[in-house]
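Enquirer: Got a predicted structure plus its sequence, pasted below:
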Amino acid sequence: MSHHRIAPNVDDSSDRLAASLAALRSELELPGDYPADAEHEARQAVQNLQLPPRSLLDVPFVTIDPATSTDLDQALFIQRNDAGYKVLYAIADVPSFVAPGGALDAETRRRGQTFYAPDGRVPLHPEVISEQAGSLLAEQECSAFVWDFDLDHNAEVVSMSVERATVRSRAKLSYKGAQKQIDAGTAPEALMLLKEVGLKRVELERKRGGASLNMPEQEIVQVTDGDYRIVAAPSLPIEDWNAQMSLMTGMAAAQLMLDGKVGILRTMPAPDERSLLHFKRQTQALGKPWDGDISYGEYLRTLDGSDPKQLAILHSAGMLFRGAGYTPFDGEVPENVVQSAIGAPYAHTTAPLRRLIDRFVLVICEALSNGREIPAWAREALPDLPGIMAASDSLAGRLERMALDTVEAALAANHVGQVFDAVVISGSKPSNGNGNGNGPYGTVQIAEPAVTARCDGELVSGTQVRVRLVKADITGRVIRFELAE
């Protein structure tokens with residue numbers, strides 16, 4: 001893991017960085033403080049909350065999240081049984097706090113999701129819900145939607161149901177801490193079983209043709225006021241095992257709704273032949289050819305992002321993960337129901353504190369699972385949810401990209417004129433012919449400081465080159481390299 005700090009200097013780049021990041025909120029028109037009426041509704045809902053009569057307080061649930069997280073959506077318990085495994089997966093009961101048609105409901109629909117800005121998050125729900133009463137905090141009695149799974153010895157789902165219950169998490173675990181316990185063999189049985197079941201679920205994903213793009217993640221971390229760093233690191237194995245529990249639940253939710261012929265799926269078409277052919281050519285050019293004998297998902301699992309050529313392939317593979325959307329239905333099952341990267345029908349249902357749509361999916365699934373009437377407010381919202389989520393996802397994507405561009409420009413600001421070793425992650429495109437003297441250019445990545453940016457010149461994907469930094473504009477969020485040779 002590499003940490004890149006921005007030190008104060010004579011040109012006040014730290015001050016300009018802080019100002020530029022703060023400006024993102026107004027530039028992108030991110031939501032501001034919670035409206036007073038919605039905040040009041042939230043506080044009233046917390047005061048009036050009635051916990052479900054069904055008690056699972058004797059179940060030793062735990063949460064596993066990034067160390068600093070306080071909006072805890074999921075708590076987990078796993079035990080072995082004669083047939084295989086019992087998995088209980090508790091999801092925060094956000095619907096119990098949001099009155100349909102009220103001010104809080106309206107504001108959450110306006111937001112769509114929690115937005116993560118470098119200088120602080122913009123929450124979907126008021127903090128009294130998202131980080132206090134609605135969060136599955138350790139030793140707090142909470143209402144939750146508890147998914148109850150029986151799995152066979154291969155971790156295939158044999159039966160499942162979902163019902164509201166009162167739960168209490170025993171511990172707030174971090175990914176890093178839980179991984180250390182598992183690696184040392186000192187973890188409690190439920191954590192050791194998370195590894196066992198998680199690995200079996202990964203194998204099931206491989207068999208059904210699922211695919212994931214395991215890019216090294218970049219995260220902007222605030223160290224002090226005006227001082228940020230970009231942390232880049234491959235994910236820990238436990239993050240994948242934990243994600244498999246969420247994927248299993250999302251697939252179960254999709255199946256419940258398909259059987260009931262009402263709900264909303266997260267769908268994505270399979271890559272078209274043109275994209276697959278282009279990707280095959282890229283892999284051949286970069287010396288690690290994919291011949292199509294195995295699925296592209298299985299091929300992607302073989303790639304190592306620390307190798308320059310394979311990193312370029314991972315970037316190129318982004319073309320295979322396009323077209324994700326939301327598909328609502330009521331009374332008739334849609335023709336296309338599969339999320340192709342998962343290799344099965346799938347629904348968002350495990351992050352209701354941070355994503356609007358999960359609140360509706362949870363209520364629909366709980367009703368279907370227990371043979372009850374689906375609340376009218378959940379059913380009536382289905383046609384509106386794709387548009388709300390598409391706009392929200394677009395805004396979140398722009399925020400993430402612009403924030404990263406801003407911090408990268410600040411990291412590079414003191415290095416203009418210097419020459420770096422770089423990896424070409426996408427080869428040159430021709431001049432755009434607009435008369436501005438733009439010649440061929442591509443995209444390069446340097447390691448220190450951690451920056452990915454445009455570079456002018458003839459570039460070949462996957463090659464290592466020497467580049468000179470010619471521009472780093474924090475306010476304009478622009479970085480430009482040129483070939484140094």
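Expert: Great, that's in hand.
Enquirer: make it CA atoms for all contacts and neighbour counts henceforth
Expert: Fine.
Enquirer: quick one, strands of the stretch 351-485 of the chain?
Expert: 419-429, 441-446, 451-456, 464-473, 478-483 (DSSP state E, counting those that start in this stretch).
Enquirer: Sort out which residues of stretch 471-479 are buried, please.
Expert: The neighbour-count check on stretch 471-479 (16 or more other Cα atoms under 10 Å) flags K471, A472, D473, I474, T475, R477, V478, I479 as buried.
Enquirer: Next, format those as CSV and append distance to L286 and pLDDT.
Expert: Shown next, in CSV, are those (distance: Cα to Cα, whole Å; pLDDT from 0 to 100):
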residue, distance to L286, pLDDT
K471, 29, 95
A472, 30, 94
D473, 32, 94
I474, 33, 92
T475, 36, 91
R477, 30, 92
V478, 28, 94
I479, 26, 95
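Enquirer: and the two most separated of those?
Expert: The span of those, defined through Cα to Cα, is set by K471 and T475 at 11.9 Å.
Enquirer: Would you confirm that L303 contacts Q310?
Expert: Yes - at 5.9 Å, L303 counts as touching Q310 under the criterion of Cα atoms under 8 Å.
Enquirer: who wins for proximity to T349 among the strands of the stretch 351-485 of the chain?
Expert: strand 451-456 (33.5 Å).
Enquirer: Which secondary structure elements does the closest one sit against?
Expert: Strand 451-456 sits against helix 385-412, strand 441-446, strand 478-483, with contacts defined as 3 or more Cα pairs under 8 Å, 6 or more residues apart in numbering; DSSP states H and E.
Enquirer: Next, the angle strand 464-473 makes with the first one.
Expert: Right, the one you point to is helix 385-412. Relative orientation of helix 385-412 versus strand 464-473 (axes from the mean of the first three to the mean of the last three Cα atoms, to 10 degrees): 100 degrees.
Enquirer: Flag every buried residue along helix 385-412.
Expert: 385-386, 388-389, 392-393, 395-396, 399-400, 402-412.
Enquirer: hmm, back to that, have a look at L303 and Q310 and say which one is more surrounded.
Expert: Each of L303 and Q310 has its neighbours counted (other Cα atoms under 10 Å); Q310 has more, 22 against 18.
Enquirer: Make TSV from the strands of the stretch 351-485 of the chain and add distance to G209 to it.
Expert: Compiled in TSV, the strands of the stretch 351-485 of the chain are given as follows (distance: least, Cα to Cα, whole Å):
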stretch	distance to G209
strand 419-429	26
strand 441-446	30
strand 451-456	31
strand 464-473	33
strand 478-483	38
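Enquirer: Which one of those has the poorest average confidence?
Expert: Here the lowest mean pLDDT among those goes to strand 419-429, at a mean of 86.
Enquirer: mind listing the helices for this protein?
Expert: 13-27, 36-48, 103-111, 127, 175-184, 189-207, 237-260, 273-285, 296-301, 308-316, 356-369, 376-381, 385-412 (DSSP state H).
Enquirer: Deepest-packed of those, please.
Expert: helix 356-369 (a mean of 24; mean count of other Cα atoms under 10 Å).
Enquirer: L469 bridge partners, please.
Expert: F481 (DSSP bridges).
Enquirer: residues touching it, list them.
Expert: H415, V416, G417, Q418, V419, F420, I479, R480, F481, E482 (Cα atoms under 8 Å, 6 or more residues apart in numbering).
Enquirer: Look up how far R266 lies from the closest residue to the second one other than its chain neighbours.
Expert: What it means is V416. Leaving aside its sequence neighbours, V416 sits nearest to L469 (Cα to Cα, 6 or more residues apart in numbering; 5.1 Å). From L469 across to R266, the span is 41 Å (Cα to Cα, to the nearest Å).
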